[in-house]
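Peer 1: Structure for this input, please:
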Amino acid sequence: MARKNASGFRDAQGDLRLENVTKSFAEFTAVDDLSLVVPRGSFFALLGPSGCGKTTTLRMVAGLEQPTSGRLLIGDTDLTGSRSYERPVNTVFQSYALFPHLTIRDNVAFGPKRRGQSDAAALADDALKLVQMDHLAGRKPAQLSGGQQQRVALARAIVNRPEVLLLDEPLGALDLKLRRQMQVELKRIQTEVGLTFIHVTHDQEEAMTMADTVAVMNHGKIEQMGPPAQMYDLPSTAFVANFVGQSNLGSGRVVDRDGSHLVAEIQGTKVKIPLERSAVADGDITFGVRPEKVRVMRRPSEGVGDDVKGTVLDVSFTGVATQYLVQLPSGTVWSCYEQNLDVEPIDLRPGDDVWLSWNPHHAFGVPVDEAEARAAAEAI
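Peer 2: Numbering: from 1, shown residues only. Here you go, the predicted structure:
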C-alpha cells in the first residue's frame, strides 16, 4: 500500500477510533486488545492507576509509540504507522517545556511560524486571549507562575487547531486550589473551541469534573466507560467502585429474592440489593454502598432500610463533613460521611457503639474480584 503523504494524515477529521490495539514490551503487555471510540468534539478522560496502560495509549495516539497490533484512525484516515509530526494531534504535558528565551507570544506563535503562516502573531494573540493570558504576552516564561505557564502551554497547543488535543496529567504540578480552578477553565476552553480533548490522569476528581465520558483502565483493558455520574453511582466492577471515589464493599452470596431485590448474606449480615443495580444475579457477589449514603446513629433505624452494628475507630473533621471509620463485627472497616449541618450534631468518639443504616436503593452488586479474594484468603 502506498504511504499517505504527511498533509493527508494532518487533514484527518472525525471520531478517534482504536481498533483491537495491543502494545507489548518484551514479556509485558501494556495495552491489551483495546477498542474504543472518542466522538469528535468531546472531552474524554482515561482514568487509572500507574501502570494500567493509559499513558501508553496516549503515546500511541500521539504517534510516540506504534501499536504491536491493531489500528488507530481519525475518521476514515488510518494513522497507524504515521509519525507524530504527521498527525493532527498535539499534546500538553505536565512539564510545560516552554522556550525560556522567547516571549509568551513568541512561544505560542512558534508552531504557526514554522508552518509559514503569515498571521502567526495574530493567531498567538487569539489563543492567549482564549486562556486569559493575552495581558502577559510580552513576558518570558520565568516571570510566570506555574498555573500561568500551564495556560501558555495549552495556548501553544490550541493555536495549531489540532483535531485531537492530548492532556497528559497537565495539572499534576499545581496546588489544590489552582488545580480546581484550571479544571473549570479547561472545560470552558474545550467547550469554546470544540476540539476533541483526551485527558489522561490518575486523579478521579479531575476526570469526573471535566470529562463528558470517563474510561477506567486496569491491566491494559477498559473496565468500565460512561458518563461520570453513571460511573460513580453504578460501578460495574469492584475495581471501579474503589477507584472512582470510595466504596464500602463486602463479599458474600446471593441467598434469596424479595420482589425486585436480591437478598445477599455478606459477612454474616443480610442485605438487599435492587435487581437493576446488580451485575450479579446469583452465586458469589460483592455488595457495595458509598460512604455518603450511610448514616451513623446511636440506635437501630426504625425506618425501611438495612443496618448493621459497629464500633467507631476514628473520627475526622474534614470541613464540610465528618468522616467516621467504623469496624463491623466481621472485622471490615467502613467509611461514613456525615455532612456538618449543625443540626443535632453526633458527638461520637473512638470506642462508641453505633448503628450504620442505608437505603437499599443506594446499594449495588458487582462480581467478586477473584484476585482480591485470593489475597484476602492468603492474609488470614
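Peer 1: just the helices in the stretch 101-250 of the chain please.
Peer 2: Counting by DSSP state H, counting those that start in this stretch, residue ranges of the helices within the stretch 101-250 of the chain are 104-114, 120-130, 146-158, 176-193, 204-210, 228-233, 238-243.
Peer 1: now for the last one, which elements pack on it?
Peer 2: The one in question is helix 238-243. Counting contacts by 3 or more C-beta pairs under 8 Å, 6 or more residues apart in numbering; DSSP states H and E, helix 238-243 packs against strand 213-218, strand 221-226, strand 248-258, strand 284-289, strand 364-366. Every C-beta, even on glycine, is put in place using the N, C-alpha and C of the backbone.
Peer 1: May I see those arranged in TSV, with mean neighbour count and distance to residue 142 as well?
Peer 2: Written out in TSV, the entries for the helices and strands packed on helix 238-243 read as follows (neighbours: other C-beta atoms under 10 Å; distance: least, C-beta to C-beta, whole Å):
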stretch	mean neighbour count	distance to residue 142
strand 213-218	24	36
strand 221-226	19	41
strand 248-258	16	48
strand 284-289	23	49
strand 364-366	23	50
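Peer 1: Out of those strands, the one nearest residue 158 is which?
Peer 2: Residue 158 sits nearest to strand 213-218 of all the helices and strands packed on helix 238-243, at 20.8 Å, using C-beta to C-beta.
Peer 1: List of residues touching the closest one?
Peer 2: Taking contacts as C-beta atoms under 8 Å, 6 or more residues apart in numbering, the residues outside strand 213-218 that touch it are 36, 38, 42-49, 52-54, 57, 207-208, 222-228, 231, 239-240, 243-244.
Peer 1: Ok, stretch 222-237 next?
Peer 2: 34, 36, 207-208, 211-217, 239-241, 244-245, 247, 277, 279, 288, 290, 364, 366-367, 369.
Peer 1: Could you rerun that using 6 Å?
Peer 2: Around stretch 222-237, the neighbours that count as contacts under C-beta atoms under 6 Å, 6 or more residues apart in numbering are 208, 214, 215, 216, 239, 240, 241, 244, 245, 279, 364, 366.
Peer 1: can you give me the end-to-end distance of it?
Peer 2: Looking at stretch 222-237, the gap from its leading to its trailing residue is 11 Å under the measure C-alpha to C-alpha, to the nearest Å.
Peer 1: That one: how far from the chain's middle?
Peer 2: For stretch 222-237, the separation from the chain centroid amounts to 10 Å (computed by C-alpha atoms, centre = their mean, to the nearest Å).
Peer 1: Check stretch 283-301 too.
Peer 2: Here the centre of mass of C-alpha atoms in stretch 283-301, compared against the chain's by C-alpha atoms, centre = their mean, lies 25 Å away.
Peer 1: Looking at the contacts of stretch 222-237, spot the one nearest residue 267.
Peer 2: Set against residue 267, the nearest of these by C-beta to C-beta is residue 366 (15.7 Å).
Peer 1: show me the contacts for the closest one.
Peer 2: With C-beta under 6 Å, 6+ apart as the criterion, the residues that contact residue 366 are 237, 238, 279, 286.
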